[in-house]
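J.: predicted structure and sequence below. I'll ask about it afterward.
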Amino acid sequence: MKEVLFPYGKEKLSYRFKDEELADSLESSINNYLPGLDESELIEEAIKNPVGCKRLNELAKGKKNIVIIASDHTRPVPSKLIIPAMLREIRSTNYDANITILIATGCHRDITNAELIEKFGEKIVANEHICVHNCDDNERMVNIGKLPSGGDCEINSLAYNADLLVSEGFIEPHFFAGFSGGRKSVLPGVAGRTTVLSNHCSEFIDNPNSRTGILKDNPIHRDMLWAAKAAHLKFIVNVVLNSEKKVIFAAAGDCEAAHRQGTDFISSLCSVSAVESDVVITTNGGYPLDQNVYQAVKGMTAAEATVRKGGVIIMLAASNDGIGGDHFYHQLADETDISKTMAAFMKRNRRQTVPDQWQSQIFIRILMHAKVIYISEIPDDIVEKMHMIPAHSIKDAIGKAKKILGIDDIKITAIPDGVSVIVKK
């Protein structure tokens, strides 16, 4: 028997596998990495030793209007550690600078005051100037040129008009951008909806290089990097987290060079070989990334890469925040034949992309490859409308998987944290 712990919300669900049923447990080596410094020290050292550019306190000299792009509530970025360190660095040489913290919501919902406090702490929320990006506020957008893909690049004017634009973030494998972090703080972080839709078009999502852990020849990454440079993103502070959401690595400096340092570090620890199985159990790494079904698609892609065609994916995601978007919900729930929805997506060009289409496209791709059993706090009928099978425990889900497959002696691959691994076939 082997016990495996699966993050679920702010808890962990345990399951003891029989030796003969567990094919393997695919886990990154991140949790075995010992950085030698505590979280704050890692961040401070990165800021003091930037990659590819001057220190932030040098860049800040003489700048009147400084904007720090910060992540929103859907990302486990330790802003309580990063933002104070960045503020201290800036104010060490420019105490009188007007500093704005711009929340990069992308196309996500607005962030609540309670979520701001949880993310930044009461002191930052009370004393710093914080603005929340709204991708649909066209009056706040400025066109900064054409993306390599040909789409218009529109970003928040607060970011573009800054005398110095910097950002925080974290780096993890990303299911179509290759990796999170770095340039993503601009696109999609503070971009207009039209720009995000163009970048997330069906053609790019379908591209074989738009996959976890791939940056080379990834058309989505190429657009994002261009946008960050065109917006003059001069300095980033990005961290890598373990499964306990603790900082184990930090990179700071040039938005491309520092990001690359982080992605190289991640790749060395997170790459695992696929172990094809009848059933794959995965998660979205727990809170905050498993707050809704929309985000949970990310963890499903790790399972997609290792489950056999026609197999079963068991996805654990608390989803306390529900589905994660009306467009996403209706794109799945309003059509019983998902192949028709996929065909409609693929007919659309870059200028015809609709909100959440990319997430639905990837989700349908997964559903066309394997059945999905969903363990969550969402009502069963809603899960079923999303073309999944509801379950309320791992034992319950495994029992349902056996019935679906029509076999009792199944082989199961466990992926305790589906967003922390790069599954290579």
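T.: Okay, I see it. Source: prediction; values computed, not measured.
J.: what's the first helix or strand after the host helix or strand of V240?
T.: Assigned by DSSP states H and E, V240 falls within strand 233-241. Once the chain leaves strand 233-241, the next helix or strand it forms, by DSSP H and E, is strand 247-253.
J.: what packs against that next one?
T.: Other helices and strands packing on strand 247-253, by 3 or more CB pairs under 8 Å, 6 or more residues apart in numbering; DSSP states H and E, are helix 39-48, strand 233-241, helix 257-270. In this view, the C-beta of every residue, glycine as well, is placed from N, C-alpha and C.
J.: now the strand holding V240 and helix 257-270, what's the angle there?
T.: Here strand 233-241 runs at an angle of 20 degrees relative to helix 257-270 (axes from the mean of the first three to the mean of the last three CA atoms, to 10 degrees).
J.: going forward can the numbers begin at 22, since that is how I track them
T.: I'll keep to 22 as the first residue from here, and by that count the last item is strand 254-262.
J.: so what are the sheet partners of strand 254-262 and their directions?
T.: When pairs are called by DSSP bridges, strand 254-262 turns out to pair with strand 185-191 (parallel), strand 268-274 (antiparallel).
J.: now render those as JSON lines, adding mean neighbour count and distance to I383.
T.: JSON lines is the format used below for the strands paired with strand 254-262 (neighbours: other CB atoms under 10 Å; distance: least, CB to CB, whole Å):
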{"stretch": "strand 185-191", "mean neighbour count": "26", "distance to I383": "21"}
{"stretch": "strand 268-274", "mean neighbour count": "25", "distance to I383": "28"}
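J.: now these as TSV including mean pLDDT?
T.: Output for the strands paired with strand 254-262, formatted as TSV (pLDDT from 0 to 100):
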stretch	mean pLDDT
strand 185-191	97
strand 268-274	98
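J.: make JSON lines out of those and add distance to K69.
T.: Below are these laid out as JSON lines (distance: least, CB to CB, whole Å):
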{"stretch": "strand 185-191", "distance to K69": "15"}
{"stretch": "strand 268-274", "distance to K69": "8"}
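J.: for N239, find the nearest of the helices and strands packed on strand 268-274.
T.: With CB to CB as the criterion, N239 lies closest to helix 278-291 of the helices and strands packed on strand 268-274, at 11.6 Å.
J.: so how far is that closest one from its chain's centroid?
T.: 15 Å (CA atoms, centre = their mean, to the nearest Å).
J.: ok, now stretch 369-382?
T.: Distance of stretch 369-382 from the chain centroid (CA atoms, centre = their mean) equals 18 Å.
J.: endpoints of that stretch, how far apart?
T.: Its first and final residues considered, stretch 369-382 spans 12 Å by CA to CA, to the nearest Å.
J.: list the buried ones in it?
T.: Using 16 or more other CB atoms under 10 Å as the test for burial, stretch 369-382 gives 369, 371, 374, 376-382.
J.: again, but for stretch 43-62
T.: 43-49, 51-52, 60.
J.: ditto for stretch 126-146
T.: For stretch 126-146, burial by neighbour count (16+ other CB under 10 Å) applies to 126-129, 132, 137, 139-141, 145-146.
J.: most widely separated two among the residues you listed?
T.: Farthest pair in those, by CB to CB: C128 and I145, 24.6 Å.
J.: pLDDT weak spots in the stretch 272-421 of the chain?
T.: Within the stretch 272-421 of the chain, no range satisfies pLDDT under 70.
J.: which stretches of it form helices?
T.: Counting by DSSP state H, counting those that start in this stretch, one finds helices in the stretch 272-421 of the chain at the ranges 278-291, 314-325, 347-354, 359-368, 378-390, 401-406, 415-426.
J.: now those in JSON lines, with distance to V88?
T.: Below are the helices of the stretch 272-421 of the chain laid out as JSON lines (distance: least, CB to CB, whole Å):
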{"stretch": "helix 278-291", "distance to V88": "18"}
{"stretch": "helix 314-325", "distance to V88": "26"}
{"stretch": "helix 347-354", "distance to V88": "29"}
{"stretch": "helix 359-368", "distance to V88": "35"}
{"stretch": "helix 378-390", "distance to V88": "27"}
{"stretch": "helix 401-406", "distance to V88": "39"}
{"stretch": "helix 415-426", "distance to V88": "45"}
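J.: so which of these is the most surrounded?
T.: Compared across the helices of the stretch 272-421 of the chain, helix 314-325 shows the largest average neighbour count, a mean of 26 (mean count of other CB atoms under 10 Å).
J.: buried stuff in stretch 260-267?
T.: Using 16+ other CB under 10 Å as the burial criterion, the residues of stretch 260-267 that qualify are 260-264, 266.
J.: show me what contacts the residue lying closest to A212 once chain neighbours are set aside?
T.: Spatial nearest neighbour of A212, chain neighbours left out: I176 (5.2 Å); criterion: CB to CB, 6 or more residues apart in numbering. The contact partners of I176, by CB atoms under 8 Å, 6 or more residues apart in numbering, come to 162-163, 165, 207-208, 211-213, 216, 248, 252.
J.: from those residues, which land in helices?
T.: The helices, defined by DSSP state H, take in 216, 248 from the contacts of I176.
J.: quick one on the thing from earlier: which one of the buried residues of stretch 126-146 is nearest to T303?
T.: For the buried residues of stretch 126-146, the nearest to T303 is H129 (22.3 Å; CB to CB).
J.: tell me how far that closest one lies from E79.
T.: According to CB to CB, to the nearest Å, H129 stands 34 Å off from E79.
J.: touching, K69 and N78? I think so.
T.: No - the pair K69 and N78 does not pass the contact test of CB atoms under 8 Å, sitting 9.3 Å apart.
J.: what about the two, which has more around it?
T.: The residue with more neighbours, out of K69 and N78, is N78; 16 against 13, by other CB atoms under 10 Å.
J.: any idea what sits nearest G307, other than its immediate chain neighbours?
T.: Excluding its sequence neighbours, the residue lying closest to G307 (CB to CB, 6+ apart) is P28, at 3.0 Å.
J.: before we move on, what about N313?
T.: Using CB to CB, 6+ apart and skipping residues adjacent in sequence, the residue nearest N313 is G345, 3.1 Å away.
J.: thinking the one you found is in contact with P309, fair?
T.: No - taking contacts as CB under 8 Å, G345 lies outside contact range of P309: 12.0 Å.
J.: now list whatever residues contact both of those two.
T.: Common neighbours of G345 and P309, counting by CB under 8 Å, 6+ apart, are absent.
J.: what's in contact with stretch 367-384?
T.: Applying CB under 8 Å, 6+ apart, the set of residues contacting stretch 367-384 from outside is 128, 170-172, 196-197, 214, 218-219, 221-227, 315, 318, 321-322, 346, 348-349, 352-353, 362-363, 366.
J.: alright, that wraps it up for me.
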